[in-house]
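> What would the 3D arrangement of this be:
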Amino acid sequence: VAALASALPSRPRVLNLEPRTLADVLNNVREVATAMGHPERADEVVAGLERRIAGVSDRVKALARPTVFVVEW
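Predicted structure coming up:
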């Protein structure tokens, strides 16, 4: 991807995002906002996502937790 991007006339910046946790995803939002020249926008977006995460967490707090979870890709 980086080689292809470097061959383009506009020379776009390539960000390699490999989040492994939810915190990584939120940090990636900040990275992308900064790369786009709008780091202040990340605060608003991340705050909104954190509110949504907290809401889901509150709704499932009293539910029984599964002991096994499998995802097949």
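
> Now V32: closest residue in space that isn't a chain neighbour?
Take V32 and drop its neighbours on the chain: the residue closest to it by C-beta to C-beta, 6 or more residues apart in numbering is L15, 6.6 Å away. C-beta: built from backbone N, CA, C; applies to glycine.

> Equivalent analysis for A2, please.
V14 (4.8 Å).

> I'd guessed the one you found sits against L8; true?
No - contact between V14 and L8 fails when scored by C-beta atoms under 8 Å: they sit 10.5 Å apart.

> Which one of the two is surrounded by more residues?
V14 (12 against 8; other C-beta atoms under 10 Å).

> quick revisit: on the pLDDT front, check the residue nearest to A2 for me.
Note for V14: predicted pLDDT of 84.

> do the one 3 residues further on as well
With respect to pLDDT, L17 scores 94.

> so how many other residues sit close to it?
L17 - counted by other C-beta under 10 Å - has 11 other residues nearby.
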